[in-house]
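> any chance you can model this:
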Amino acid sequence: MVGLNSCRDEHKQPWPSKSRGCSNTFGSFKLRLSNFTLQTWVVIYLLWVPTLAKAQSIGLSNDQINSVSARLAEAAQASWELGTRAQAILELNATQYSVFSSNSVPPSSNAVEDDSMEPIWGIARRIMGQWNGTSGGSPQPLMPDGSAADPASNGVTILMANWTGLAARDSGSNSSLNYDYAAAAKSQLDFLFSSSVPKTSDGAISHRVDQLQLWSDFVYMVPPFLAYYGAVTRNRTLLVEAYNQCKLYRSYLQDEKSRLWRHVLLGTSGIDEGFWSTGNGWAAAGMLRVHATLTNNEYANTLKNQRRDLQKWVEEIHKAMYSVVDDTQIFTNYADQPPSAPRNFYDASGTSLVAATVYRASLQYAGSRYKYMGNAERAWASLVNSTGSTSSNSSAPFANFTHFTPEGWLTPVVNPHSYGLEGNMSAEGQSFVVMLAAARRDWIGVNGEYSAGVGRCQGVFVSGLVGGLIAVVVGAMTFVL
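Now for the predicted structure:
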């Protein structure tokens with residue numbers, strides 16, 4: 001795969017000099033070679049400039065992002081959908097409080113008064129309004145669920161509400177909102193480590209309550225919560241445990257040959273040995289959140305080895321996933337299988353999440369020349385491809401988009417409640433688009449639009465360049481002969 005070098009770098013090598021015998025041996029060809037050189041550079045320029053312009057112009061407007069976010073708010077109901085929505089909001093609209101910012105964890109308590117956090121607080125109040133636990137009572141998850149892991153995806157939201165003093169602020173005007181966020185967060189933590197949740201012999205926490213079973217989804221739901229809890233409470237042991245859970249899950253789920261992660265292993269029912277694209281995205285995104293939390297806290301210098309491992313493991317997923325994507329730049333539901341295979345189809349949802357993790361990895365540690373930036377740019381270009389112009393007076397923000405319905409639903413997507421079937425309205429898919437748009441925006445903010453377009457240039461442009469060069473060569477040869 002071509003890295004993120006400038007398109008011009010591939011053409012810095014000069015033509016043969018006189019000392020190499022070109023004009024001395026073939027003097028009569030000198031003028032023709034010069035003409036050939038001129039023609040070549042003209043074609044390069046004509047192909048290069050429009051491609052860069054197109055790469056730089058693609059994107060989503062604020063109205064379109066708002067439409068995607070509105071559909072997300074409508075659809076997010078399940079525990080992990082609320083947790084993923086909260087993270088998407090942080091990354092898009094409350095960036096300074098996200099672990100992906102350069103700010104330390106935990107954030108300033110002033111966040112409680114920040115309007116951008118109000119949707120997060122709404123989720124926190126909704127969860128606490130239905131929570132059945134009590135301070136000092138038996139450990140309870142934040143929401144009733146057959147999954148031990150999915151409710152924990154809301155743990156960061158509850159921890160932030162507690163840290164910033166949301167209950168004290170809310171109860172000033174409504175005493176019924178004096179929720180004990182600290183007790184709820186601790187209860188969720190204790191529940192994960194209680195005997196109610198099965199564990200492997202080496203300590204991997206089960207994704208399910210009713211059976212010992214490991215899902216790749218777990219890595220997004222639990223380890224980021226453990227890491228954030230550790231950062232807020234200055235508990236280095238929990239920070240390390242977040243890393244350990246990632247390490248354990250990788251040891252069970254990663255295929256040694258392809259390096260792709262299997263979706264569901266162990267247990268007596270519901271096993272899914274396939275390389276589910278969204279599952280690989282969940283794992284990469286979860287490990288990046290853990291990495292960011294380990295980086296932006298007081299123990300960062302003592303966790304260098306753990307951070308280095310997480311970087312390596314995320315890159316393994318990027319390499320494995322982008323080695324099997326086809327020319328559409330959209331992953332299939334099971335990444336290594338064609339769309340015609342059973343339970344398979346193109347999935348824009350998993351594609352969005354994996355691409356978002358490329359931008360985040362590049363921003364966090366890999367640098368602007370991260371080798372998979374070109375893949376992420378091409379995925380973005382495919383996802384936001386429009387088949388025609390949108391009328392300025394159109395009420396549909398996504399008229400004529402290939403991968404969005406006119407109302408703003410991402411398509412095609414896997415059914416998030418039945419991962420072997422194609423769906424049509426996915427809350428998590430909407431979150432992934434928001435995360436991708438936010439990550440790409442942040443990447444461009446640091447590296448510039450031109451650099452972000454180079455990755456796409458190197459894929460789309462090079463194929464066009466080859467054809468153009470062939471035409472020039474043929475024309476020049478005809479002239480010489």
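> where in the stretch 251-400 of the chain is pLDDT low?
For the stretch 251-400 of the chain, the stretches with pLDDT under 70 are 389-394.
> any chance you could map the helices in it?
277-295, 304-322, 348-361, 373-383 (DSSP state H, counting those that start in this stretch).
> output the third one as CSV, restricted to C-alpha atoms.
When you say that, I think you mean helix 348-361. Output in CSV follows, covering the C-alpha atoms of helix 348-361 (Å, rounded to 0.1, in the frame of the first residue of the first chain):
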residue,chain,number,x,y,z
ALA,A,348,-21.1,1.0,5.4
SER,A,349,-21.4,0.9,9.2
GLY,A,350,-18.3,-1.1,10.0
THR,A,351,-16.5,0.7,7.2
SER,A,352,-17.1,4.0,8.9
LEU,A,353,-15.9,2.8,12.3
VAL,A,354,-12.7,1.3,11.0
ALA,A,355,-11.9,4.4,8.9
ALA,A,356,-12.5,6.6,12.0
THR,A,357,-9.9,4.6,13.9
VAL,A,358,-7.3,5.3,11.2
TYR,A,359,-7.7,9.0,11.6
ARG,A,360,-7.5,8.7,15.4
ALA,A,361,-4.5,6.5,15.3
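> what's the neighbour count on residue 93?
Residue 93 has 20 neighbouring residues, counting by other Cβ atoms under 10 Å. The way it works is simple: take the backbone N, C-alpha and C, and place the C-beta from them, glycine included.
> what's the answer for residue 141, then?
Neighbour tally, residue 141, other Cβ under 10 Å: 26.
> the one 3 residues further on too?
A total of 11 residues lie near residue 144 under the criterion other Cβ under 10 Å.
> list the contacts of it.
132, 151 (Cβ atoms under 8 Å, 6 or more residues apart in numbering).
> do you know how far the residue nearest to residue 135 when sequence neighbours are not counted is from residue 240?
Nearest residue to residue 135 in three dimensions, chain neighbours excluded: residue 183, at 3.8 Å (Cβ to Cβ, 6 or more residues apart in numbering). Remark: distance between residue 183 and residue 240 (Cβ to Cβ, to the nearest Å) = 25 Å.
> mind telling me what element residue 246 is part of?
Element membership of residue 246, judged by DSSP states H and E, is helix 236-253.
> next, count neighbours for the closest residue to residue 299 other than its chain neighbours.
Using Cβ to Cβ, 6+ apart and skipping the chain neighbours, the partner closest in space to residue 299 is residue 236 (4.9 Å). Neighbours of residue 236 under the rule other Cβ under 10 Å: 16.
> repeat that for residue 222.
Neighbours of residue 222 under the rule other Cβ under 10 Å: 29.
> and residue 395, by the same measure?
Neighbours of residue 395 using other Cβ under 10 Å come to 8.
> so where do the helices sit in the stretch 51-200 of the chain?
Counting by DSSP H, counting those that start in this stretch, the stretch 51-200 of the chain has helices at residues 62-75, 79-93, 118-130, 155-163, 166-171, 181-193.
> could I get the ones you listed as TSV with distance to residue 400 and mean pLDDT?
Shown next, in TSV, are the helices of the stretch 51-200 of the chain (distance: least, Cβ to Cβ, whole Å; pLDDT from 0 to 100):
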stretch	distance to residue 400	mean pLDDT
helix 62-75	12	96
helix 79-93	24	98
helix 118-130	30	97
helix 155-163	36	97
helix 166-171	42	95
helix 181-193	44	98
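> tell me which of those helices sits nearest to residue 332.
Proximity to residue 332 (Cβ to Cβ) singles out helix 79-93 among the helices of the stretch 51-200 of the chain, at 21.7 Å.
> now for that closest one, which elements pack on it?
Judged by 3 or more Cβ pairs under 8 Å, 6 or more residues apart in numbering; DSSP states H and E, helix 79-93 is in contact with helix 62-75, helix 118-130, helix 155-163, helix 218-221, helix 427-447.
> just give me how far that helix sits from the chain centre.
13 Å (Cα atoms, centre = their mean, to the nearest Å).
> what sits against the residue nearest to the spatial centre of the chain?
The centroid of the chain falls nearest to residue 356 when counting by Cα atoms, centre = their mean (2.8 Å). Contact analysis of residue 356 by Cβ under 8 Å, 6+ apart lists 281, 285, 432, 435-436, 438-440.
> and which of these is nearest to residue 107?
Set against residue 107, the nearest of the contacts of residue 356 by Cβ to Cβ is residue 438 (16.9 Å).
> give me the pLDDT for that closest one.
Looking at residue 438, its pLDDT is 97.
> one more: residue 21?
For residue 21, pLDDT reads 38.
> excluding its backbone neighbours, what's nearest residue 168?
Using Cβ to Cβ, 6+ apart and skipping the chain neighbours, the partner closest in space to residue 168 is residue 178 (7.8 Å).
> typo on my end, residue 210
Nearest non-adjacent residue to residue 210, counting by Cβ to Cβ, 6+ apart: residue 146, 6.5 Å away.
> any chance of the helices of the stretch 51-200 of the chain in CSV, plus distance to residue 102?
Formatted as CSV, those follow (distance: least, Cβ to Cβ, whole Å):
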stretch, distance to residue 102
helix 62-75, 23
helix 79-93, 14
helix 118-130, 20
helix 155-163, 18
helix 166-171, 24
helix 181-193, 25
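> so which of the ones you listed comes closest to residue 410?
Of those, nearest to residue 410 by Cβ to Cβ is helix 62-75, at 7.4 Å.
> how about that closest one: buried residues?
64-65, 67-69, 71-72, 75 (16 or more other Cβ atoms under 10 Å).
> relative to helix 427-447, how tilted is it?
Interaxial angle, helix 62-75 versus helix 427-447 (axes from the mean of the first three to the mean of the last three Cα atoms, to 10 degrees): 150 degrees.
> which helices and strands sit right next to helix 62-75?
Judged by 3+ Cβ pairs under 8 Å, 6+ apart, the packing partners of helix 62-75 are helix 79-93, helix 427-447.
> of all those helices, which one comes closest to residue 125?
When the helices and strands packed on helix 62-75 are compared by Cβ to Cβ, helix 79-93 sits nearest residue 125, at 11.7 Å.
> what distance do you get for residue 285 to residue 278?
To residue 278, residue 285 is 10 Å away according to Cβ to Cβ.
> mutual contacts of the two, please.
Common neighbours of residue 285 and residue 278, using Cβ under 8 Å, 6+ apart, are residue 353.
> neighbour-wise, which of those two wins?
More neighbours surround residue 278 than the other of residue 285 and residue 278, with 28 against 24 (other Cβ under 10 Å).
> can you pull the contacts of the more buried one?
Residue 278 sits next to 333, 347, 349-350, 353, 414, 419, 428 when contact means Cβ under 8 Å, 6+ apart.
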